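# prediction below, plus the sequence it came from.
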Amino acid sequence: IYTIEDVKRSARLRDSVRRVEVGSLTFDTGAATISRSKGGALSKVANAMLKLLDKNPGEVFLIEGHTDAVGSDISNLRLSDLRAATVARILTDFYNIPPENLATQGYGERYLKIRTEAAERENRRVTIRRITPLITVASN
C-alpha cells in the first residue's frame, strides 16, 4: 500500500499501472487551456471513469501533466501542473467526476513522449492512470 504522494514521486510505481493518453488532447505552446472542441475528447475517458466509480466510489485517478522541452525546468513544471489541473477541472465540471477521486501532478519535460529538444505538440499532453490498486488493500 502506498500513499498518493508515493505514487506521484515514483515512476516505477506509476509504470506498474496502465496509463491512458487522450490522443487528440494536446496543448498549445505555453498554454494550459483546452478549446471546447478538444474538451470533447475527454468524453470516452470520463465515461469509463464514471463506470468504474459506479462499481467502486473509492476509485482514484492520477492526472499527469507534461510539457515539451522548450522553456525552463521551473516554468515547464508549473505549466504541467496547470495542464493536469485543467483536465481535472473539466472532468469535474463537465463530466461530474468527483474531485476527491482525482489527483494531479505535473512532470514538466521529464517524460517526453517524443525525445526532442524542439517544440513538439505531442509532448504537451496529459496522461491519466487508475492508481486505486496502488493505494488500497485488495479485498479477498
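Sure thing, it's come through.
# show me the helices in this protein, by range?
4-9, 11-14, 36-39, 43-55, 73-95, 132-135 (DSSP state H).
# do you know which of those helices lies nearest Ala103?
Ranking the helices of the chain by their distance to Ala103 (criterion: Cβ to Cβ) puts helix 4-9 first, at 5.0 Å. To be clear about C-beta, it is placed using only N, CA and C from the backbone, and glycine gets the same treatment.
# so which residue is dead centre in this structure?
With distances taken as Cα atoms, centre = their mean, the chain has Ile63 as the residue nearest its mean C-alpha position (2.2 Å).
# what does the pLDDT read for that one?
According to the predicted model, the pLDDT of Ile63 comes to 98.
# for Lys38, same thing?
With respect to pLDDT, Lys38 has a value of 79.
# rewinding a little: the helices of the chain: lowest mean pLDDT?
When mean pLDDT is averaged over each of the helices of the chain, helix 36-39 scores lowest at a mean of 77.
# which elements pack onto it?
Helix 36-39 makes packing contacts with strand 19-26 when contacts are defined by 3 or more Cβ pairs under 8 Å, 6 or more residues apart in numbering; DSSP states H and E.
# done for today, thanks.
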